[in-house]
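Peer 1: From the sequence below, what's the structure:
(one chain, ligands or ions: 1)
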Amino acid sequence: MSFIEDARWFSATPTAGPAGKPAAQGRVTLVGAGPGDPELLTLRAVKALRGASLVLYDHLVGREVLRYVADDADLIYVGKESSQHTLPQESIIDLMLRLARSGRSMVRLKGGDGFIFGRGGEEAQALAEAGIAFEVVPGITAAQGAGACAGIPLTHRDHAATLVFATGHLRGENEVALDWQALARPRQTVVIYMGMGTLPVICEQLVRHGLPAATPAALVEQASLPGQRCITGTLQDLPTLAEQHKVRPPALIVVGEVVALQPQLMRGMQGAVL
Ligand code: SAH
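Peer 2: Residues are numbered from 1 along each chain as shown. As a prediction, the model looks like this:
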């Protein structure tokens, strides 16, 4: 497996087609890598990874997941952390298009599910516009990984009839782009991705828009990975708890009555013999 850490220098040399004809275009497989634990990959994802000669992967893809890539495949890191973009999104798309046009098929590997806060939609649009064939392999999204691994059922007949996924990455400085009214409804579980930087604003706004300050809330850090932690509290004390426990991304914020079931379920899960 060859790691190509600086994707800008990766040249897309056209491969020769049969009888001197230009090579056919490559295909792109957009694969969701799940929340980190390689056992949470789908069979289809593993098949795509094993068969790939080129993989473009993101920051949140678990290192262990990359073990499924063939030894002789090229691996390009195009990851981005919110403050430190390795490649801007447009350059990632450019690179994919260039490689596909040069005849290289590839797996585009993203954490969780590519269509859930993963910009998979933008990449699929660009491929469709460019007439490059692609397929999409879903992944287990972080919210599902966190729910299952930390013992928080995301819906429950007694507690939550609605489940909402939202982004806490609020565009621009302090600009709040969320529909707080909708997020603060009762009998609902809200899972917020990319919300660690805006956690105090999120908790404050949810309370201001009608949720009791005592509403159970949790932070699930590194869901499904060996370093997983789940910190539970309420909307009122979650920002303080986050500081005390030094919770760092990747982490999800889970808000709703279902969080109150976490200790009981966790005890059960720890006692379980697999
Ligand atoms: N497409 C991804 C989400 C990418 S957005 C998915 O479907 O899961 C990045 C955010 O996802 C992070 O800021 C964090 O909130 C969340 N996230 C991703 N992996 C996580 C993990 N293992 N544990 C907790 N949160 C995670």
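Peer 1: Could you report the neighbour count for residue 222?
Peer 2: 22 (other Cβ atoms under 10 Å). All C-beta atoms are positioned from the backbone trio N, CA, C, and that covers glycine.
Peer 1: Next up, the contacts around it.
Peer 2: 36, 228, 229, 250, 251 (Cβ atoms under 8 Å, 6 or more residues apart in numbering).
Peer 1: Closest one to the ligand out of these, please.
Peer 2: residue 250 (3.6 Å; Cβ to the nearest ligand atom).
Peer 1: Hmm, that closest one is touching residue 145, no?
Peer 2: No: using Cβ atoms under 8 Å, residue 250 is not in contact with residue 145, being 10.3 Å away.
Peer 1: neighbour count winner among the two?
Peer 2: Neighbour tally, residue 250 and residue 145, criterion other Cβ under 10 Å: the higher count belongs to residue 145, 25 against 21.
Peer 1: The more buried one: helix or strand, and which one exactly?
Peer 2: helix 142-150 (DSSP states H and E).
Peer 1: Contacts for that helix next, please.
Peer 2: Contacts of helix 142-150 (Cβ under 8 Å, 6+ apart): 34-37, 40, 111-112, 116, 152-154, 165, 191, 193, 218, 220, 223-224, 228, 230, 250, 252, 254, 262, 266.
Peer 1: In strands, which of those residues appear?
Peer 2: Secondary structure defined by DSSP state E assigns 165, 191, 193, 218, 220, 230, 252, 254 of the contacts of helix 142-150 to strands.
Peer 1: How confident was the prediction at the residue of the stretch 101-250 of the chain found nearest the ligand?
Peer 2: The ligand sits closest to residue 112 of the stretch 101-250 of the chain, with a gap of 1.9 Å, by Cβ to the nearest ligand atom. Per-residue pLDDT puts residue 112 at 98.
Peer 1: Which residues are in contact with it?
Peer 2: Applying Cβ under 8 Å, 6+ apart, the residues near residue 112 are 32, 33, 34, 35, 60, 118, 139, 140, 141, 142, 145.
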